[in-house]
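# With the input below, show me the fold.
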Amino acid sequence: MEIAVLGSTGQTGRLVIARALERGHDVIALARRPDQVEAPASGNLRVVRADVTDPGSVTAAVEGADVVVSGLGITKKQDSAILIEGAHQIASAAPRVIWLTSLGMGATEGALGAVNGALLKRILRHEWDAKDAAGRAVRDAGGTTVYAGPLTNKPYQDDGRLIRAEEFKPRVLPPMAPRAGIAALMVAEAETPHFADADTIALFESG
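Numbering: from 1, shown residues only. All right, here's what the predicted structure looks like:
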């Protein structure tokens, strides 16, 4: 299988690349700055320059890929429209998309209760509407959104699973999510789709 990774220079994107290579897949790492891609040396890895602000570059980069796994994120200094544009570009170009986003936003608004939900909206107001629009673009194209709580660098204990967002019972404290676990779950969903056209939430027993 050929897996394209968007957001490949980020902490989670790097782990997605490593997991996919470990599983024996061919990987296309999409990066605005290819020299910043940190990944295991492998003949199965191809690094391609692609920038969602450069129309057509993402479309060309994912040509031939079976699925795109995205860990795309933005900083407070970046235009939040990057998320929406990136989602639309890959949703129209790739056969399947698995899109990582934040629990409590978009389709999971209210999952953390009224107080924490309001606090989260205030903290992440810069990207709030953009993440909702990006998630809907992916889902409307038949893709899978993966909502995750605060990401950690803790080792993954093979105790993670995806559930449909509507099955999640609101809680005050968000479930923590190891980045390595998120990478493992997203690659597993790429290999064997169980949640096409669905919003999912990543849960970990240790979180």
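
# Centre-most residue in this structure?
Central residue of the chain (Cα atoms, centre = their mean): L100, 2.2 Å from the mean position.

# Checking my notes, it in a strand, right?
Yes: counting by DSSP: H, G, I helix; E, B strand; the rest coil, L100 is located in a strand.

# Starting from the lowest-mean-pLDDT helix or strand in the chain, tell me the next helix or strand along the chain.
Least confident helix or strand, the chain: helix 113-123 with a mean of 81, by mean pLDDT, DSSP states H and E. Downstream of helix 113-123, the first helix or strand assigned by DSSP states H and E is helix 128-140.

# who does that following helix touch, helix- and strand-wise?
Secondary-structure packing of helix 128-140 (3 or more Cβ pairs under 8 Å, 6 or more residues apart in numbering; DSSP states H and E): helix 81-93, strand 97-102, strand 144-148, strand 198-204. Every residue, glycine included, has its C-beta placed from N, CA and C.

# Please identify the buried residues of that helix?
By 16 or more other Cβ atoms under 10 Å, the buried positions in helix 128-140 come out as 128, 130-139.

# just stretch 197-207 next, same as before
For stretch 197-207, by 16+ other Cβ under 10 Å, it's 198-204, 206-207.

# residues contacting M105?
Residues in contact with M105 (Cβ atoms under 8 Å, 6 or more residues apart in numbering) are 120, 124, 128, 131-132, 135, 147.

# Show me the two of those that sit farthest apart.
L120 and G135 (15.1 Å; Cβ to Cβ).

# returning to what we had before: nearest to A107 among the buried residues of stretch 197-207?
Using Cβ to Cβ, D199 comes nearest to A107 of the buried residues of stretch 197-207, at 4.2 Å.

# and I17, what helix or strand is that in?
Using DSSP H and E, the element containing I17 is helix 11-22.

# Mind giving me the packing neighbours of that helix?
On a contact count with 3+ Cβ pairs under 8 Å, 6+ apart, helix 11-22 meets strand 2-6, strand 26-31, helix 179-191.

# what sits up against the longest one?
Going back to what we said before, that points to helix 179-191. With contact meaning Cβ under 8 Å, 6+ apart, helix 179-191 is reached by 1, 3, 11-12, 15-16, 18-20, 23, 25, 66-67, 69, 96, 98, 100, 144, 146, 148, 151-153, 155-162, 195, 202, 204.

# what do you get for the second one?
Counting by Cβ under 8 Å, 6+ apart, the neighbours of strand 26-31 from elsewhere in the structure are 1-9, 13, 17, 20-21, 37, 39, 42, 44-50, 58, 61-62, 65.

# State the number of residues packed around the closest residue to V16 other than its chain neighbours.
Leaving aside its sequence neighbours, V16 sits nearest to A183 (Cβ to Cβ, 6 or more residues apart in numbering; 4.5 Å). Counted with other Cβ atoms under 10 Å, the neighbours of A183 add up to 26.
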